[in-house]
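1. the sequence isn't on hand, but the structure is:
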């Protein structure tokens with residue numbers, strides 16, 4: 001069913017403007033030639049194999065990428081498991097075994113800087129030459145720039161680490177979003193009028209700790225405005241790293257549900273308060289400010 005497809009090939013973590021250009025070109029070609037449009041991505045990220053002690057840096061999960069690719073018009077997502085066996089393949093073996101034998105590609109679209117094969121031995125020129133041998137076309141998309149600089153996942157990560165949520169969203173074309181299961185916490189929030197839906201950060205990049213204006217997307221499609229603490233809650237003991245959104249005007253039970261929380265804007269850093277009254281007063285102010293931002 002997918003044989004002969006046009007394949008967008010890359011990691012695509014974050015699926016930012018540059019990634020969207022590659023996938024968009026693949027989808028356009030596929031539609032024009034009456035072929036399936038496929039996005040081939042890698043998981044885990046190659047960095048995890050070569051530098052396993054690297055702190056968490058992911059911008060999207062596979063589930064998020066699958067949804068984003070489908071929304072961009074792709075017919076299917078193929079995941080190449082990046083392990084030692086894949087890393088050891090020569091550039092020619094990768095094309096023969098993964099692209100031809102497994103996918104029987106009709107064409108490949110990738111970024112100009114894409115590399116593949118053992119020790120990054122393959123590049124776009126080699127891919128094009130191998131394509132000529134195996135009978136598939138190759139198209140390379142140049143870098144997309146914004147504000148005079150190339151759009152990249154590393155640039156997005158730098159913005160998020162500085163709390164620049166809006167700047168990251170411009171490159172992503174949407175707010176950075178963390179998806180996870182709502183877990184039981186110590187339930188302190190509900191005793192002070194601010195119940196939260198606690199979400200573990202998992203393998204996501206850690207943005208700047210602090211308070212954010214957020215939007216929550218529930219499994220049933222509902223969208224909720226709120227404010228969230230992302231960090232270790234310095235006013236409570238023991239410290240525990242969590243994303244804790246409080247959704248305005250919501251009183252339901254979300255335990256065990258998978259939700260997605262978009263970080264729309266950064267309000268302030270985390271702070272420790274001398275009293276519960278002082279904490280609640282600041283939370284009142286944070287929620288009022290977050291509500292105004294989200295309404296705007």
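-> Sure thing, it's come through. Note that this is a predicted model, so its numbers are computed, not measured. Numbers count the residues shown, from 1 in each chain.

2. all strands for this structure, in order.
-> 6-9, 37-43, 76-81, 107-111, 137-141, 145-146, 149-150, 177-183, 198-199, 210-217, 223-231, 242-247, 258-268 (DSSP state E).

3. which one of those is the most hemmed in?
-> Per residue and on average, the most neighbours among the strands of the chain fall to strand 6-9, with a mean of 28 (mean count of other C-beta atoms under 10 Å). No exception for glycine: its C-beta is placed from N, CA and C like everyone else's.

4. check which helices and strands that one is in contact with.
-> Strand 6-9 is packed against helix 17-33, strand 37-43, strand 107-111, with contacts defined by 3 or more C-beta pairs under 8 Å, 6 or more residues apart in numbering; DSSP states H and E.

5. re earlier: between the strands of the chain, which one is nearest to residue 170?
-> strand 145-146 (6.6 Å; C-beta to C-beta).

6. list of residues touching that closest one?
-> 17, 151, 170, 171 (C-beta atoms under 8 Å, 6 or more residues apart in numbering).

7. mind putting those into TSV with pLDDT?
-> TSV is the format used below for those (pLDDT from 0 to 100):
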residue	pLDDT
17	98
151	97
170	98
171	98
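
8. just give me the closest of those to residue 223.
-> Looking across the contacts of strand 145-146 and measuring by C-beta to C-beta, the closest to residue 223 is residue 170, at 20.8 Å.

9. for stretch 256-276, give the mean pLDDT please.
-> What stretch 256-276 shows for mean pLDDT is 93.

10. okay, how far is it across that stretch, tip to tip?
-> For stretch 256-276, the separation between the terminal residues is 29 Å (C-alpha to C-alpha, to the nearest Å).

11. chain center to it, what's the gap?
-> 19 Å (C-alpha atoms, centre = their mean, to the nearest Å).

12. same check, this time on stretch 173-188
-> Stretch 173-188 sits 14 Å away from the centroid of its parent chain (C-alpha atoms, centre = their mean).

13. quick one: mean pLDDT over stretch 102-116.
-> The model assigns stretch 102-116 a mean pLDDT of 96.

14. please tell me how far it is from the chain's geometric centre.
-> 21 Å.

15. next one: residue 144 from residue 165, what distance?
-> Per C-beta to C-beta, to the nearest Å, residue 144 is found 20 Å from residue 165.

16. cool, residue 13 as well?
-> From residue 13 to residue 165 the distance is 18 Å (C-beta to C-beta).

17. ends of stretch 111-130, how far apart?
-> Using C-alpha to C-alpha, the end-to-end distance of stretch 111-130 comes out at 16 Å.

18. what comes up buried for that stretch?
-> Residues of stretch 111-130 classed as buried by neighbour count (16 or more other C-beta atoms under 10 Å): 111, 114, 115, 116, 117, 122, 123, 124, 126, 127, 130.

19. go on, stretch 14-34?
-> For stretch 14-34, by 16+ other C-beta under 10 Å, it's 14-27, 29-30.

20. what does stretch 163-175 contact?
-> The contact list for stretch 163-175 (C-beta under 8 Å, 6+ apart) reads 14-17, 20, 59, 146, 151, 155-156, 159-160, 176, 207-208, 210, 212, 215, 262-266, 269.

21. let me see the domain layout of this protein.
-> 6-150, 166-295 (automatic domain parsing).

22. figure out the length between the terminal residues of the longest one.
-> Pointing back at domain 6-150 there. 25 Å.

23. likewise the shortest one?
-> Taking C-alpha to C-alpha, the span from the opening residue of domain 166-295 to its closing residue is 15 Å.

24. please report phi then psi for the residue nearest the centre of the chain.
-> Residue closest to the average C-alpha location in the chain (C-alpha atoms, centre = their mean): residue 60, at 2.1 Å. Backbone torsions for residue 60, taken as degrees, to the nearest 10, come to phi -150, psi 150.

25. tell me where the model's unsure across the stretch 51-200 of the chain.
-> Where the stretch 51-200 of the chain drops to pLDDT under 70, the residues are 185-193.

26. hmm, 80 instead?
-> Scanning the stretch 51-200 of the chain with the threshold set as pLDDT under 80 gives 184-193.
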